[in-house]
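**Student:** below is the sequence, then the predicted model.
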Amino acid sequence: MGLAMDAVAVSISCGIALKKPRIGQALRISGSFGIFQAIMPVLGWLAGLSFRKLIERYDHWTAFCLLAFIGCRMIYESVHLAEKKLDPSKPGVLFVLSVATSIDALAVGLSFALLKTGITGPVLIIGAVTFVLSFVAVLSGRRIGLLFEKKVEIAGGLILIGIGAKILLDHLGVW
């Protein structure tokens, strides 16, 4: 569940941005988050120790920049654009969000390799939990958005920036 929390928070923001997400959009978003949360530990597990040092130096910066960019774009569009809004269910945006929220899962996969832990069971659980929680979060974001309208879109963008900042500060040892 801990790995899924970034994806859940972003899923709420996605539901807010979509205003009235269709089930298909919620499935696409939660499916992407679940798949990436499952794939990244496998990649980390396969990479082992040699890749760990490379990723640890930049993973937090990558996640921060991606989430900050999407968050700033959400805020800008909520204030300046009346018609055209960021659609987080579009493949490009969804890919960026999925990668940004699953980078920590890569490190988990590395730790599984260090502990000589099997990967299949944990990956299935991580992916399934992320999928279910993210699906509920997208649909919950819609309800939150209906209550607070435009202010929630700004809050959603700020949440994405905050998650990126938290990841950055955690890895820098400030938080």
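**Tutor:** Great, that's in hand.
**Student:** CA atoms for contacts and neighbours, from now on please.
**Tutor:** Fine.
**Student:** so which helix or strand takes in the residue sitting furthest away from the middle of the chain?
**Tutor:** No residue in the chain sits farther from the centre than residue 116, which is 27.0 Å out by C-alpha atoms, centre = their mean. Per DSSP states H and E: residue 116 is located in neither a helix nor a strand.
**Student:** same question, residue 74
**Tutor:** helix 23-80.
**Student:** quick check: mean pLDDT of that helix?
**Tutor:** Taken as a whole, helix 23-80 has a mean pLDDT of 81.
**Student:** now stretch 133-141
**Tutor:** 92.
**Student:** what is the neighbour count of residue 172?
**Tutor:** Applying other C-alpha atoms under 10 Å, we find 12 residues neighbouring residue 172.
**Student:** if we can go back for a sec, quick one: list the elements packing against the helix holding residue 74.
**Tutor:** The elements that helix 23-80 packs onto, with contact taken as 3 or more C-alpha pairs under 8 Å, 6 or more residues apart in numbering; DSSP states H and E, are helix 4-18, helix 91-114, helix 120-148, helix 150-172.
**Student:** residues in contact with the closest residue to residue 100 other than its chain neighbours?
**Tutor:** Among residues not flanking residue 100 along the chain, residue 63 sits closest, at 4.6 Å (C-alpha to C-alpha, 6 or more residues apart in numbering). Counting by C-alpha atoms under 8 Å, 6 or more residues apart in numbering, residue 63 touches 99-101, 103, 164, 167-168.
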